[in-house]
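Asks: Pasted the sequence and its predicted model underneath.
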Amino acid sequence: MKTDDLIGLLAREAGPVPAHAGERRFAIALTIGIALSLAWVQGAFGVRADLPHVMATLDFWQKIAMPLAVTGMGVIVVFRLAHPGLRMRGWWLGLWLPVALLWIVAAGVLWTAEPPARMPLLLGTTWRSCVFNVTATALPIGAALLWALRGLAPTRPVVTGAAAGWLAGAAGACVYSLHCPEMALPFVGVWYVLGMGVSAALGALVGRHWLRW
């Protein structure tokens, strides 16, 4: 069969892509991934008993402001990476600017704290397990996002996988915060961000092979 004949045959058999198919695929992936992460946190750790009270405080929302912002911007960045015709422009800043702002505020907290209080602000009581817990909580979300991306058209598999992992890490950090007893911004700026970084590294590693055409 000639090449032109093969192209014509494939073109005749290809049906139209449903409108907003990519958006639906992402919505399904995020819904399933976050639901599984919530189930994991509830089963493995349990939600804070005082969560309703804590959620009414400013400290809680300051704590999750960074991962919430990264999650929102990450959805846009990953979606655009999955569609080669969409330009990134300044959207990349959305993945890093919330972290940079958190680090500035956290540095101010440490600067104004009494010297004996600085290490507890950084380490809290759960620093040994926080990175693993954030990463583990992000895994279902990352797996669901990679499934969604597999059905789209990313042309930069490593970068797209890393961005998906960073997004999953941020969303996982939001879910994990429902259990985490730590409230200090320096703690979040170190250990939550490290957990998100591990998730991004895993996404890049898997994406290198899974998202290759």
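Replies: All right, it came through fine. Worth saying up front: this structure is predicted, and the values here are computed from it rather than measured.
Asks: Please make it C-alpha for all contacts and neighbour counts, starting now.
Replies: Fine.
Asks: tell me the contacts of the residue lying closest to Arg212 once chain neighbours are set aside?
Replies: Excluding the flanking residues, the one nearest Arg212 by Cα to Cα, 6 or more residues apart in numbering is Pro157, at 5.8 Å. Contacts for Pro157 (Cα atoms under 8 Å, 6 or more residues apart in numbering) come out as Ala204, Gly207, Arg208, His209, Trp210, Leu211, Arg212.
Asks: same thing with Trp147?
Replies: Trp147 is in contact with Ala29, counting by Cα under 8 Å, 6+ apart.
Asks: hmm, 10 Å instead?
Replies: Arg25, Phe26, Ala29, Ile141, Trp210, Leu211 (Cα atoms under 10 Å, 6 or more residues apart in numbering).
Asks: Which ones among these map onto helices?
Replies: Counted as lying in helices by DSSP state H, out of these, are Arg25, Phe26, Ala29, Ile141, Trp210.
Asks: Roughly how far does the spatially most central residue of the chain sit from Thr112?
Replies: By Cα atoms, centre = their mean, the chain has its centre lying nearest to Leu167, at 2.1 Å. Applying Cα to Cα, to the nearest Å, the value for Leu167 to Thr112 is 32 Å.
Asks: now Leu102
Replies: The gap separating Leu102 from Thr112 is 15 Å, by Cα to Cα.
Asks: before we move on, the earlier item: out of the contacts of Trp147, who has the most neighbours?
Replies: Counting neighbours by other Cα atoms under 10 Å, Ile141 leads those with 28 neighbours.
Asks: Can you name the residues that contact it?
Replies: Here Ile141 is in contact with 29-37, 147, 164-165, 167-172 (Cα under 10 Å, 6+ apart).
Asks: Report the buried members of these.
Replies: Listed as buried from the contacts of Ile141 are 29-30, 32-34, 36-37, 147, 164-165, 167-172; burial here means 16 or more other Cα atoms under 10 Å.
Asks: From those, pick the one nearest Leu81.
Replies: Ala164 (9.6 Å; Cα to Cα).
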